[in-house]
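okay, sequence plus prediction incoming.
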Amino acid sequence: MSLAQHRERIAAARESLGALGTVLWQAGSGGCAGDHSEDQRADGGGGLAGLLGEVDALGGACDAARVAVTAEALDRGETSSGPLALSPVQWVRRHAPTTRAGGAGQVVALAHAFAKPVNEAVKEAVDAGRLPVRSAAAVVVEADKLRPLLADGADAPVVAGLVDMAAEHGPRGCRLLRSALLARYGRDGVLQDEQDAGKTFVSLSQPHDSPGGISEYRLSLDAEGRAVLEAALGPLSAPRPVEGERDLRSSDRRRGDALVQLVRRAVAADGTVGKNSSTTLFLTMDWESLRDAVGAATTLGSVDSGSHLAAETVRRLACDASVIPVVLGSHGEVLDLGRNVRLFTPAQTRRLWLRDGGCTFPGCDAPPSWTDGHHLVHWADFGSSDLTNAALLCERHHTIAHQRRLAGRVVLSPEGERVVWDLARGSYDELLALRAAQERA
Ligand SMILES: [Zn+2]
Ligand SMILES: [Zn+2]
């Protein structure tokens, strides 16, 4: 078919759409597949629902064609030629008037992107009508961001994953996939670095006064903070019917109430060892990943289910009681529910509180109730849950001890046993190597 013939058909399609409103009364009532009544055959089948799908597919094809035409014009340098010397975006706005309401920039960006071989798979999905233009733009942006972080050869599966996700769930879909893709296809340590960097953005604003005695806060959390908070809020923010009456609080209201309740409980629990098992965060991770501190764990059993946490973060969380790692074998079988031997018992914890008196990190005076029991030889490296392998660390120093891989030892001093830390980065790895050598001897 020649271009002139194509243009004739485009004109015919437009004319048809313009007159569509006058014949809509002929449409049947839709109905299920296989249920072909008389009037459905008369209207071409599918009723109004089918018609809407067809019109929508045409609209999608128009969006894609707009990009294709623009790409050709860019390629020829036509946008900047002529007396007006327009920018590409101005050129699109001028000749595609509907984009004056927005979207011209996206058309130009995609036209540029589709000229690059790396975006071939995205272009194909758009041309096949599988991916709307707006979602394609999101895929291109996300793929560009991910590309420098990926292991060799991971480009194709990552783009394919993004295309599928965006086709299914729209632009938001690809952003949701980011951590999963980094865990599976990222270079070593990339997800960990990104999640560690995310800690910088953790913040809770000062209260901002609103009318009616209401205070507004702005809270930003990293992946770990979110997983921990959601695991804690989950059970507390479920609807609570009173004497058979429905709980009419909104979801946001229940979450707000739950957060206050959580803080109240935490404050009330000050000075006791107890932890609330209903707020436990479950994580699944395969054994090799946990041992080698690669890959990522997946959260289970909260609103936040399915988000990914980097391996070193999990090794730290696995030190203490509020997280239960579900360790999986190579075939996905549960090797260890991480529950029994992993934790320090309440009796041990009480003795630990007495022995360490608070965070053991040099210069820190966090009280015992603010600390976690850290395994000096990490649980994931078969460290035992004995007091000789335990040290109290506050949240912040616990993070640092794992991130910098610091070794601590329990030594005898005139005042009794105490923990000393080797603050040289990687001292923990030296300790492990030493232990391995001793075991071989
Ligand atoms: Zn630890
Ligand atoms: Zn500390």
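Here it is on my side, so go on. Ligands and ions are numbered 1, 2, ... in the order given.

could you check the pLDDT of residue 171?
pLDDT for residue 171: 85.

which element is the closest residue to it other than its chain neighbours on?
Among residues not flanking residue 171 along the chain, residue 138 sits closest, at 3.5 Å (CB to CB, 6 or more residues apart in numbering). In short, each C-beta sits where N, CA and C put it, glycine included. Assigned by DSSP states H and E, residue 138 falls within helix 133-146.

contacts for that helix, please.
With CB atoms under 8 Å, 6 or more residues apart in numbering as the test, helix 133-146 has contacts from 60, 63-64, 66-67, 106-107, 109-110, 113, 118-119, 122-123, 125-126, 131, 155, 158-159, 162-163, 166-167, 170-171, 173-175, 177-178, 181-182.

can you check stretch 383-392 too?
341-345, 348, 351-353, 355-356, 358-360, 368, 371-377, 379, 408, 410, 419.

do it and ligand 1 meet at all?
No: figure legend: stretch 383-392 not in contact with ligand 1 (CB under 5 Å from the ion); closest approach 8.4 Å.

how long is that stretch end to end?
15 Å (CA to CA, to the nearest Å).

list the buried residues for that stretch?
Under the neighbour-count criterion of 16 or more other CB atoms under 10 Å, stretch 383-392 has 383, 385, 387, 389-392 buried.

leaving out the residues flanking it, which one is nearest to the residue in the stretch 101-250 of the chain that ligand 2 sits nearest to?
Of all residues in the stretch 101-250 of the chain, residue 199 sits closest to ligand 2, at 15.3 Å by CB to the ion. Using CB to CB, 6+ apart and skipping residues adjacent in sequence, the residue nearest residue 199 is residue 222, 5.3 Å away.

surely the one you found is in contact with residue 203?
No: counting by CB atoms under 8 Å, residue 222 stays clear of residue 203, with 10.3 Å between them.

for these two, work out which one has more neighbours and name it.
residue 222 (18 against 10; other CB atoms under 10 Å).

over to the more buried one: give its phi and psi.
Backbone geometry at residue 222, expressed as degrees, to the nearest 10, gives phi -90, psi 180.

re the thing from before, residues in contact with the residue of the stretch 101-250 of the chain closest to ligand 2?
So residue 199 contacts 222, 224, 399 (CB under 8 Å, 6+ apart).

ok, residue 207 next?
Here residue 207 is in contact with 215-217 (criterion: CB under 8 Å, 6+ apart).

go on, residue 9?
Applying CB under 8 Å, 6+ apart, no residues qualify as near residue 9.

show the backbone phi and psi for it.
Torsion angles, degrees, to the nearest 10, at residue 9: phi -70, psi -40.

can you point me to the longest helix in this structure?
helix 47-76 (DSSP state H).

tilt between it and helix 133-146?
Angle of helix 47-76 versus helix 133-146, following axes from the mean of the first three to the mean of the last three CA atoms, to 10 degrees, is 50 degrees.
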